[in-house]
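Below are the sequence and a predicted model for it; my questions follow.
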Amino acid sequence: MQDPLRHICDDELERRWIWISLVMAFVAGSLLGVYAVSGNLHPPSNVESIDSSRLHLTEEFAEDNLGVKENADGSLTVTMVAARYGFFPPVIEVPADTMVTFRIASADVLHGVHVPNTNMSTMIVPGYVSEVTTAFPAAGKYAFLCNEYCGLGHDSMWSRLIVVPRSAQMSTGGQQS
Ligand code: CUA
């Protein structure tokens, strides 16, 4: 078969390397696609703006209203504020296999959140509410890490996410709404 690259390149060795680089790019792109589909990764798509300097004056993000709330359909909404250098409230407890919608706003600069070994990952951009809906299949203690450099304390900006087995009673943090 005639090499389709022949009319743009006369050199046999060069054509070989062009093919190798094309195959490598294709393999890398395919792996990304497989990983995104198998890990159920979605780009956050919620666009909702908020005044970051007045979070404490809003009803939703006032200090007393942060945390886990149960919705009428049994799903949970977790409202959090990210601020240098922590997530508030600092400990979140949710049951496994339950739909959890995180609504997180930054009180100052750009932060991120990543929970290793799960698909929970988003940027927290000042001026916007970041919303991610997911469920955690495996019970355990997870780190809730800031993954956007936000200042000198970035390395220590993390919280605890505790996923309890679904049958276990939630011990803390459950506010009915
Ligand atoms: Cu917040 Cu890094």
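Received it, and whenever you're ready, just let me know what you need. The shown structure was predicted, so the numbers you read here are calculated from the model rather than taken from an experiment.

Could you tell me how many residues sit around the residue lying closest to Met99 once chain neighbours are set aside?
In this structure, Met99 finds its nearest non-sequential neighbour in Ser75, 4.1 Å apart by C-beta to C-beta, 6 or more residues apart in numbering. Yep, even glycine has a C-beta here, placed from its N, CA and C like the rest. Residue neighbour count, defined by other C-beta atoms under 10 Å, stands at 14 for Ser75.

My guess is Ser75 contacts Thr101. True?
Yes - A contact is recorded between Ser75 and Thr101 when judged using C-beta atoms under 8 Å, the distance being 6.7 Å.

interface residues of the protein facing the ligand?
For the chain, the contact set with the ligand under C-beta under 6 Å from any ligand atom comprises His111, Cys146, Glu148, Tyr149, Cys150, His154, Met157.

go again using 5 Å as the cut-off
His111, Cys146, Cys150, His154, Met157 (C-beta under 5 Å from any ligand atom).

which SS class is Ala25?
helix (DSSP: H, G, I helix; E, B strand; the rest coil).

Then Asp155?
When classified by three-state DSSP, Asp155 comes out as helix.

do you know how far it is from Ala107?
19 Å (C-beta to C-beta, to the nearest Å).

Have a look at those two and say which one is more surrounded.
Using other C-beta under 10 Å as the criterion, Asp155 and Ala107 rank with Ala107 on top: 18 against 11.

before we move on, the earlier item: top of the residues of the chain next to the ligand by number of neighbours, please.
Going by other C-beta under 10 Å, His111 tops the residues of the chain next to the ligand with 30 neighbours.

returning to that earlier point: hmm, which two among the residues of the chain next to the ligand are most spread apart?
Pairwise distances across the residues of the chain next to the ligand (C-beta to C-beta) peak at 8.6 Å, for the pair His111 and His154.

Tell me the residues that contact both of these two, please.
Shared contacts of His111 and His154 (C-beta atoms under 8 Å, 6 or more residues apart in numbering): Cys146, Glu148.

residues in contact with the closest residue to Pro116 other than its chain neighbours?
Excluding its sequence neighbours, the residue lying closest to Pro116 (C-beta to C-beta, 6+ apart) is Ala143, at 6.3 Å. Going by C-beta under 8 Å, 6+ apart, Ala143 touches Val115, Pro116, Trp158, Ser159, Arg160, Leu161.
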